[in-house]
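Undergrad: need a 3D model of the following:
(one chain, ligands or ions: 2)
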Amino acid sequence: MRVGIMGGTFDPIHYGHLVTAEAARVELELDEVVFVPTGDPPHKAYAVTEAKHRYLMTVLATLTNPYFSVSRVDMDRDGKTYTIDTLRDLRTVYGPEVELFFITGADAILEILTWKNPEELLRTCVFVAASRPGHSLDRLQEVLGELYTNNKDRIRLLQVPALAISSTDVRERVASGRPIRYLLPETVAYYIAKAGLYREHNSGSVGHNTTEDPVTD
Ligand code: ATP
Ligand code: MG
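TA: Ligands and ions are numbered 1, 2, ... in the order given. So this is what the prediction gives:
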């Protein structure tokens, strides 16, 4: 069994995440891809949307793909999310026989593998570095140096259809009233509107009435 892990803040999830996960599934012949939204950050200062909203949007976005699922392991663990904890928890869920593939964009892989204990991470799973507009994969070998040469078989490069979409841009668009249509699934756009997420003074509560239709307006 081969399982892909797509970790992220997913604030909100968008087509860049979905295209990347699907390309990894097909290219690497994965049996499934698990999306793992990060937990609530311990300090309120960092304005990440509550995990319950990010989790629900991820469930809505992955609903129609039978190979996709969503895991709560990071949400249900206290404190900041570290990739090593995600991998350990999913290893416990899936057992020792399963091959794990941690899927990241070209930006995130550098963040994670220049962080502490990259050797341990690379022992636990294969890292998949997906192309992402604005973030070159060319520098990967150079920046990682020996870590890359010693783990060539544990770091896989993956070309995915380029989508210059980011959650930051989606949040800014909602805050300034610009459209988000075609950047993410319609169900997620409706959820954002209903929960009042990403507005300048958002209520964050589901059931908030809006007069505008986020998809057709
Ligand atoms: P933010 O702007 O808030 O950082 P994001 O769009 O980068 O959001 P994350 O939740 O931070 O989304 O990313 C989760 C994972 O998905 C990371 O590994 C990231 O590199 C990857 N990813 C996000 N967007 C894309 C994209 N458009 N193409 C390829 N990979 C992507
Ligand atoms: Mg990001």
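Undergrad: stretch 14-27 - what's its average pLDDT?
TA: Across stretch 14-27, the average pLDDT comes to 98.
Undergrad: got a list of what the spatially closest residue to residue 133 that is not a sequence neighbour touches?
TA: With sequence-adjacent residues excluded and distances taken as C-beta to C-beta, 6 or more residues apart in numbering, residue 133 is closest to residue 164, at 4.0 Å. Any C-beta I mention is one placed from the backbone N, CA and C, and that applies to glycine too. Neighbour list for residue 164: 16, 133, 134 [criterion: C-beta atoms under 8 Å, 6 or more residues apart in numbering].
Undergrad: now do residue 101
TA: By C-beta under 8 Å, 6+ apart, the neighbours of residue 101 are 2, 3, 4, 5, 24, 28, 30, 125, 126, 127, 128, 156.
Undergrad: in a strand, it, correct?
TA: Yes - Residue 101 sits within a strand when classified using DSSP: H, G, I helix; E, B strand; the rest coil.
Undergrad: does the worst-scoring helix or strand of the chain on mean pLDDT reach ligand 1?
TA: Using mean pLDDT, DSSP states H and E, helix 139-144 stands out as the lowest-scoring helix or strand of the chain, at a mean of 88. No - shown here: helix 139-144 not in contact with ligand 1 (C-beta under 6 Å from any ligand atom), separated by at least 12.6 Å.
Undergrad: of the contacts of residue 101, just the buried ones, PyMOL syntax please.
TA: Buried subset of the contacts of residue 101, written as a PyMOL selection, criterion 16 or more other C-beta atoms under 10 Å:
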select buried, resi 3+4+5+24+28+30+125+126+127+128+156
